[in-house]
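Asker: Here you go, sequence then predicted model.
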Amino acid sequence: MTQRTIHWFRKGLRLHDNPALLAACENASHLYPVFFLDPHFVKGDNYRVGVNRWRFLLECLRDLDCGLRKLNSRLYVVKGRPQDMLPLLFREWCVTRLTFEVDTEPFARHRDREVEGVAAAHGVEVVTRVSHTLFDVEKTIAKNGGSPPLTYQGFQKLLSKLGLPARPVDTLCKAHLQDCETPVADDHEDRYGVPSLADLGKEETECGPRLYPGGETEAVERMERHLKKTNWICKFEKPQTSPNSLEPSTTVLSPYLKFGCLSARTFYYRLLDVYRLNKVHTQPPVSLHGQLLWREFFYTAALGTSNFDRMKDNPVCVQVQWDSNPQYLAAWKQGRTGYPFIDAIMTQLRQEGWIHHLARHSVACFLTRGDLWLSWEEGQKVFEEYLLDADWSINAGNWMWLSASAFFHQYFRVYSPVAFGKKTDKNGDYIK
DNA sequence: CCTAATGTTGACAGC
DNA sequence: CGCTGTCAACATTAG
């Protein structure tokens, strides 16, 4: 028991199925769970995070802190870039090991390379584990000869060679920490407490209704609630769910999967249990397993494609002369297009932070190839700001899909901004 | 080199 | 209500 370990939470804001966190406890004399509030996200000029998203993240952190308290530990929330702050913590706590979950996004990869350099300079061992995705995305791409599949069928064929995802690991519990100290200072709350929205300079009053509280506790409860509906699980077909029902017609587990409050592997295996008991069930791409595979599909495509979040220098993206029209863009963003279905969706997005997948299709098609002929990159930024589940790879991938820039090319299949909504809401209740 | 088939979930008329 | 063909003809890939 000689290792003095920092476990760095980034995504993966959970105690269940968190292999890097378990690795942090192995042979550890001391464990310090840390989250950095990176000014890149707090103040970022070219990176907008809406207030609903901030609230969701802070709730995730509070829930994580709560879970750690039950294990006689606390979450250390540190303000500053990890590259700058880790050396101070390494010295203060005499750290010998740093653990964290693998993150495949370009921003994270660049940051983590710098952090590895910082750790090496301080003689700190770095231990990483894959648990955000079902598979090790780098290995998936390697298995396909170095480039990612660009069709879902191709992706499924590739996955069939990989077998099942790795099973989830044990939830962190007191047994993992029995010989490990989890120091908490008297002034912990002041120095390292989870901040409030006001602490971050955000206005609580700007938040919408709290329909989807953040955190692992809420994530697991939400999953369990849906898993009980075995018939619903087995018959689930995404295209048959409604984009404009008054209550969500799908699980709304996406915000929790994005932050890693819920492990994709845990959800995958819990679904598999239900499927095995019922024998007859829907299949990918439309099934719930299929939805997790879509997530994996876009994570894989994003890691294997340069400049995945823009048109320029993106090898999979069709080059289009999009218009530039700030008035149209503002009207779309603010729900003032004059098309009630489109405007209702954009209003729900800004107020509630979640809209149905097909509602995203509708407004994305409208903004790009369908009606306004504006760049999908503009839409991507708006979703990034407002969606609680805004997930870099999936957001970029779906915007290219809907604008017929990549993956999907039948640009003449256009969603009607009037007729499409009518199919599932004849009275216009959603709009009203 | 060419052709034909293929691609998660369009709208609409007509049967 | 559910199915089929048409609309017009994309990018990509298998053969």
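Answerer: Yes, it's here.
Asker: Tell me the residues on the stretch 151-300 of chain A that lie near DNA strand B, please.
Answerer: With C-beta under 7 Å from any atom of the strand as the criterion, the stretch 151-300 of chain A meets DNA strand B at residues A:Thr151, A:Tyr152, A:Gln153, A:Glu237, A:Lys238, A:Pro239, A:Pro285, A:Val286, A:Gly290, A:Trp294. In short, each C-beta sits where N, CA and C put it, glycine included.
Asker: repeat that for 6 Å
Answerer: A:Thr151, A:Tyr152, A:Gln153, A:Lys238, A:Pro239, A:Pro285, A:Val286, A:Gly290, A:Trp294 (C-beta under 6 Å from any atom of the strand).
Asker: if I pick the fifth one, what's in contact with it?
Answerer: If I follow you right, that is A:Pro239. A:Val286, A:Leu358 (C-beta atoms under 8 Å, 6 or more residues apart in numbering).
Asker: Look at A:Asn46 and report its pLDDT.
Answerer: As predicted, A:Asn46 sits at a pLDDT of 62.
Asker: ok, the residues of the stretch 151-300 of chain A next to DNA strand B vs A:Phe308, which is closest?
Answerer: Nearest to A:Phe308 among those, counting by C-beta to C-beta, is A:Trp294 at 15.6 Å.
Asker: Residue numbers of the stretch 101-250 of chain A in contact with DNA strand C?
Answerer: Going by C-beta under 6 Å from any atom of the strand, the residues of the stretch 101-250 of chain A near DNA strand C are A:Leu150.
Asker: Going by proximity to DNA strand C, name the top residue of the stretch 101-250 of chain A.
Answerer: Using C-beta to the nearest atom of the strand, the point where the stretch 101-250 of chain A gets nearest to DNA strand C is A:Leu150, with a distance of 5.6 Å.
Asker: Based on its surroundings, how many neighbours for A:Arg225?
Answerer: Neighbour count for A:Arg225, taken as other C-beta atoms under 10 Å: 10.
Asker: Show me where chain A dips below the pLDDT cut-off.
Answerer: For chain A, applying pLDDT under 70 flags the ranges A:44-46.
Asker: so what's A:Ile6 up against?
Answerer: Per C-beta under 8 Å, 6+ apart, neighbours of A:Ile6: A:Ala24, A:Tyr32, A:Pro33, A:Val34, A:Leu86, A:Leu89, A:Phe90, A:Trp93, A:Val95, A:Arg97, A:Leu98, A:Thr99.
Asker: how does it look with 10 Å?
Answerer: With contacts defined as C-beta atoms under 10 Å, 6 or more residues apart in numbering, A:Ile6 is in contact with A:24, A:30-34, A:76, A:82, A:86, A:89-90, A:93, A:95-100, A:119, A:124.
Asker: Likewise for A:Leu387?
Answerer: Shown in contact with A:Leu387 (C-beta under 10 Å, 6+ apart): A:50, A:52-53, A:254-255, A:258, A:349, A:353-355, A:360, A:394-395.
Asker: Among the contacts of A:Ile6, which are located in strands?
Answerer: A:His30, A:Leu31, A:Tyr32, A:Pro33, A:Val34, A:Tyr76, A:Arg97, A:Leu98, A:Thr99, A:Phe100 (DSSP state E).
Asker: Quick check: the first one touching A:Glu92?
Answerer: No - counting by C-beta atoms under 10 Å, A:His30 sits too far from A:Glu92 to count as a contact (11.7 Å).
Asker: Tell me which of the two has more neighbours.
Answerer: Applying other C-beta under 10 Å to A:His30 and A:Glu92 shows that A:His30 carries more neighbours, namely 19 against 9.
Asker: What's the end-to-end length of stretch A:39-54?
Answerer: Taking C-alpha to C-alpha, to the nearest Å, the first and last residues of stretch A:39-54 lie 13 Å apart.
Asker: Also stretch A:163-174?
Answerer: End-to-end distance (C-alpha to C-alpha), stretch A:163-174: 33 Å.
Asker: What residues sit buried inside it?
Answerer: Within stretch A:163-174, the residues that qualify as buried are A:Pro165, A:Ala166, A:Pro168, A:Val169, A:Thr171, A:Leu172, counting by 16 or more other C-beta atoms under 10 Å.
Asker: Right, I'll leave it there.
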